[in-house]
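Colleague: Structure for the following, please:
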Amino acid sequence: MSGFNYEEFDQMVGRVERLGADMDRVSKDVLNAGCEPARQAFAKKIPYDSKTPRNKRRHEHARKNIISTRTKKSRSGSKYRVIKARDETFNYLWYREKGTSKMEARPFAEAAYKAARKAAVGPMKQALLKALNKHLN
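Modeller: This next block holds a predicted model:
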């Protein structure tokens, strides 16, 4: 899986920087704008067992426990957030994705990733344009 193509964002960020904007604040706003739509889109693609009654389940559904981390900074200096299951309780998803000797694989991660990426781009662009317009006026 590849990450977002940020060339378009880089050009817009360069324009905002030339206007004297606080880029730490702008990048935080842009990440925050895209994070929740991405988390929701990712969660919709997570397998969900609606047939098992709530009182018979051994654990909660992973779909209801998808979170996004706080903003982190990579070694190269770029900022990012991770969308993941809350804890190790949901390691069964790995078996669902890869399969076992008795169960064939039912991949979902690629579709979830693509849905999250698609859902995040629009709000992130809007937040960046909002910052750009704020500094133009």
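Colleague: buried residues in stretch 39-46?
Modeller: Arg39, Ala41, Phe42, Ala43, Lys45, Ile46 (16 or more other C-beta atoms under 10 Å). In short, each C-beta sits where N, CA and C put it, glycine included.
Colleague: so of those, which ones are in strands?
Modeller: Applying DSSP state E to the buried residues of stretch 39-46, no entry is found in strands.
Colleague: quick check, nearest of those to Tyr80?
Modeller: Of all the buried residues of stretch 39-46, Arg39 has the smallest distance to Tyr80: 13.6 Å, by C-beta to C-beta.
Colleague: That closest one is in contact with Val82, isn't it?
Modeller: No: Arg39 is not in contact with Val82 according to C-beta atoms under 8 Å; the separation is 10.3 Å.
Colleague: Give the residues shared as contacts by these two.
Modeller: Ser68 (C-beta atoms under 8 Å, 6 or more residues apart in numbering).
Colleague: How confident was the prediction at Met12?
Modeller: Here the pLDDT value assigned to Met12 is 67.
Colleague: Since that was my last question, I'll sign off now.
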